[in-house]
Structure formats: structure tokens, C-alpha cells
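# need coordinates for the following:
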Amino acid sequence: MANFLSQEACPTIKNILLLDSEGKRVAVKYYSDEWPTNAAKLAFEKSFFTKTQKTNARTEAEITMLENNIIVYKFVQDLHFFVTGGENENELIPATVLQGFLDAVTLLLRNNVEQREALENLDLILLCLDEIVDGGIVLETDSSVIAGKVATHSHSADDGAPLSEQTISQALATAREHLTRSLLR
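Numbering: from 1, shown residues only. Sure, this is the predicted structure:
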């Protein structure tokens, strides 16, 4: 009973997705068992990408319902940002997460929010996702705090070398350290 009450009292996010202009994955994190296989996740992504691609979610975030989920999304250049919450979730929760994610990515990519730059800095974007949501629970939505934590993580690894400039063994050691820190939270 206590677990049921804590789930009801705490808003959750089901996934955060960053797709390219063709609906292909750039960075995705799922926090719900609603899509148990990669095929189910890809099918869900394709269905809402198809539903949203003709909209003009460039100036303001848009909200839609799909398969009992609230999806808040916004397009910037050739990137499509999506945050999914449950149908009974207040749409302000995924909207706030979306805005925090988008603004943090904008800061980390130095206002150059486009696919090539995102792929070159994928490590920062994945760290960003880890700072925003953990296990579906929203941890942080302030973009400057998120970007600051990501910058600290990426520069503290191996004498200040960014993850993108590390060797594979250094990057693996950094990933292990990050995973250990995540498990200890």
C-alpha cells in the first residue's frame, strides 16, 4: 500500500526521446515497463513520430495523446524532442521536463541545436538525461543546474578531458564511475 501511495503522490515520466527529422533515434531513455522490448519501443516511437511530424511544434511545445499517454514535444532544427507521461499525469510535468531538457541541451551545445552537433556531443546529452530523470522520477528541471552538473561530470573524468576526447578505456572507466554513482543515489 505504501508503494502505491508514493507512486500516486510522485509524478513520473515514462520516457524522454530525442529523434532526428526522419524519426530515427539520437538519444532515448525509457523509464517504464510499458514497452518491454526494443521492437515495442520502436513501434511506439514510429507511431507518435508519424502522428506529430506534420505539426509545427517549432515556436511552442505541443501536446498530444497516444495509447493512454500524454506526449509533449517540440522541434528544433532537425531534432525532435519528446517527453511522455501517463494519461492521468498533469501535462505541466512532462512540459516542464521537456523545457528543462531542451534548454540544457541548448546550453551544452552552445545554441547549436542540430543533429550533427548532438551526435558529436551524445555523451553530454545522455548525462543530461540522467540528471533530469532517474527511474521515471523527475530530479531536476532547471536547465542551468542540469548543464552545470553535466559539465562537472564530463570535465571531472580523467584529468578534465571531455568524454568525447577520452580513449575507450577511459570512457569505460568514466561510465563505470557514473553508473556506480547512479546506483548509490
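
# give the bridge partners for V72, please.
Here V72 shows beta-bridge partners I63, V83, assigned using DSSP bridges.

# gap between it and K51?
Distance of V72 to K51, computed by Cβ to Cβ, to the nearest Å: 13 Å. Glycine gets a C-beta too; all of them are placed from N, C-alpha and C.

# remind me which residues of this structure are low pLDDT?
Applying pLDDT under 70 to the chain picks out residues 1-9, 154-185.

# so where do the strands sit in it?
Using DSSP state E, the strands of the chain run over residues 15-20, 25-30, 62-66, 69-76, 79-86, 133-134, 137-138.

# export those as TSV, with columns for distance to P94.
Below are the strands of the chain laid out as TSV (distance: least, Cβ to Cβ, whole Å):
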stretch	distance to P94
strand 15-20	9
strand 25-30	13
strand 62-66	8
strand 69-76	4
strand 79-86	4
strand 133-134	10
strand 137-138	9
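
# and those strands: which comes nearest N121?
Evaluated with Cβ to Cβ, these place strand 25-30 nearest to N121, the distance being 10.2 Å.

# the inter-axis angle of that closest one versus strand 79-86?
10 degrees (axes from the mean of the first three to the mean of the last three Cα atoms, to 10 degrees).

# between V72 and K51, point out the one with more neighbours.
V72 (23 against 14; other Cβ atoms under 10 Å).

# quick one, phi/psi of E60?
phi -140, psi 150 (degrees, to the nearest 10).

# ok, it touching F75?
No - counting by Cβ atoms under 8 Å, E60 stays clear of F75, with 10.6 Å between them.

# the two: which has the busier surroundings?
Between E60 and F75, counted using other Cβ under 10 Å, the more crowded position is F75 (20 against 8).

# contact partners for that one?
56-58, 81 (Cβ atoms under 8 Å, 6 or more residues apart in numbering).

# can you tell me which of those has the most neighbours?
Neighbour-wise, the contacts of F75 (other Cβ under 10 Å) top out at F81, 23 neighbours.

# what sits closest to K74 if chain neighbours are left out?
Distance criterion Cβ to Cβ, 6 or more residues apart in numbering; nearest residue to K74, sequence neighbours excluded, is A61 at 4.4 Å.

# tell me how far that neighbour lies from F101.
A61 is 11 Å from F101, where distance means Cβ to Cβ.

# the more surrounded of the two?
Per other Cβ under 10 Å, whichever of A61 and F101 has more neighbours is F101, with 26 against 19.

# residues in contact with that one?
For F101, the contact set (Cβ under 8 Å, 6+ apart) comprises 16, 81, 83, 128-129, 132, 146.

# looking at those, state which has the most neighbours.
Among the contacts of F101, V83 has the most neighbours (other Cβ under 10 Å), with 28 neighbours.
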